[in-house]
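Visitor: my questions are about this predicted structure, shown below with the sequence.
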Amino acid sequence: MKLKGRTAIVTGAGQGMGEAIAIAYAKEGADLSLNIYGQSQAKLKALTDELSSYGGKVIVTEGDITKTEVVRSLIESTVCTFGRIDILVNNAGILTQSLIQDMSIEMWDRMLEVDLKSVFLTTRLAVPYMIEQRWGRIINMASQLGQKGGIELSHYAAAKAGVIGFTKSVALELGQYGITANCIAPGPIETQMVADIDENWKAWKKSQLAIPRFGRVEEVAPTAVLLASDPDGNLYTGQTLGPNSGDVMF
């Protein structure tokens, strides 16, 4: 119960990585405020029932997290319900493919909206509450492609590189208030988002990995628990942790 008494916001929590992190946090005793977009009511009920079964309280704000009004509703409902924001996990993301010469401006703009702008919007509104309580954990989902780039993924790599730079800057600004900010930069993970990527690309990618397989969401979620925990995550800030099957090594 490493997160007992903590309140965590998780964006993009309706499936994949966000869902796995929400489950991991619930098992560790956290109360949860989830942002979910595009999921059926049956799926929402099944997820909230599972999360609630671990003993914490769960609330959901539905909507596109790139919209300021959705972000404001998420933050305000969290504070109204729980009185605090301890952990912010910026996980919402999309993944599309295009060579740069074929990429539309709309594809570029949408990628940066979802994968980068949303991180700014939620952090901007959550931080004042963390400053007031002089404690907080900001955890941003990046990607190893933000460190090394990727063919047909220049927009995605740019957005994730932006997340890494943003996180380092926020860490420098907020450390004096007892707030840490870190990135998790997974390699390819078996999620629906990756399932939609070209099969030839996936086969080529696996051949590059030191551990020649894609990861599973339950293998990444413990990193989010580590970074959110006290004392486990206390000295990590401005860092990019890489559960990436050896795709990037430092």
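Guide: Okay, I see it. Numbers count the residues shown, from 1 in each chain.
Visitor: dump the residue contacts of the residue most central in space within the chain.
Guide: For the chain, the residue whose C-alpha lies nearest the mean C-alpha position (C-alpha atoms, centre = their mean) is Asn91; its distance is 2.1 Å. Each residue near Asn91 by C-beta atoms under 8 Å, 6 or more residues apart in numbering is listed here: 10-13, 17-18, 21, 141. The C-beta positions use only the backbone N, C-alpha and C, and glycine is treated the same way.
Visitor: again, but for Thr81
Guide: 33, 57, 59.
Visitor: which of the three states applies to it?
Guide: Three states are possible here, and by DSSP: H, G, I helix; E, B strand; the rest coil the one that applies to Thr81 is helix.
Visitor: ok, it to Val60 distance?
Guide: 11 Å (C-beta to C-beta, to the nearest Å).
Visitor: overlap in contacts of these two?
Guide: Ser33.
Visitor: now the strands for this structure?
Guide: Ranges of strands in the chain, per DSSP state E, are 7-10, 31-36, 58-62, 87-90, 136-141, 179-184, 240-241.
Visitor: any idea which of those is most buried?
Guide: Between the strands of the chain, strand 87-90 has the highest mean count of neighbours, a mean of 29, where neighbours are mean count of other C-beta atoms under 10 Å.
Visitor: partners of it, with directions?
Guide: In the sheet containing strand 87-90, the strands it pairs with under DSSP bridges are strand 7-10 (parallel), strand 136-141 (parallel).
Visitor: can you list these in CSV and add mean pLDDT and distance to Asp102?
Guide: Putting those into CSV (pLDDT from 0 to 100; distance: least, C-beta to C-beta, whole Å) gives the following:
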stretch, mean pLDDT, distance to Asp102
strand 7-10, 98, 34
strand 136-141, 98, 27
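Visitor: okay if I get those strands as CSV plus distance to Ile85?
Guide: CSV is the format used below for the strands paired with strand 87-90 (distance: least, C-beta to C-beta, whole Å):
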stretch, distance to Ile85
strand 7-10, 6
strand 136-141, 7
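Visitor: so which of the ones you listed comes closest to Arg72?
Guide: Checking those against Arg72 by C-beta to C-beta gives strand 7-10 as the closest, at 12.7 Å.
Visitor: contacting residues around that closest one?
Guide: Surrounding strand 7-10, the residues in contact under the criterion C-beta under 8 Å, 6+ apart are 18, 21-22, 25, 30-35, 74-75, 78, 82-89, 91, 122, 126, 228.
Visitor: what is the least confident helix or strand in this structure?
Guide: The least trusted helix or strand in the chain, going by mean pLDDT, DSSP states H and E, turns out to be helix 192-195, with a mean of 77.
Visitor: hey, C-alpha coordinates of it in CSV?
Guide: C-alpha atoms of helix 192-195 as CSV (Å, rounded to 0.1, in the frame of the first residue of the first chain):
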residue,chain,number,x,y,z
GLN,A,192,-4.0,-1.4,-29.1
MET,A,193,-2.1,1.7,-30.1
VAL,A,194,0.9,-0.3,-31.2
ALA,A,195,-1.3,-3.1,-32.7
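Visitor: what helices or strands is it leaning on?
Guide: In this structure, helix 192-195 packs against no helix or strand, with contacts taken as 3 or more C-beta pairs under 8 Å, 6 or more residues apart in numbering; DSSP states H and E.
Visitor: show me what contacts Gly149?
Guide: Residues near Gly149 by C-beta under 8 Å, 6+ apart: Ala157.
Visitor: gap between it and Met141?
Guide: Here the criterion is C-beta to C-beta. By it, Gly149 lies 18 Å from Met141.
Visitor: could I get the contacting residues of Lys205?
Guide: By C-beta under 8 Å, 6+ apart, Lys205 lies in contact with 188, 214.
Visitor: try it again at 10 Å.
Guide: Contacts of Lys205 were listed using C-beta atoms under 10 Å, 6 or more residues apart in numbering, and they are 150-151, 187-188, 194, 197, 212, 214, 245, 247.
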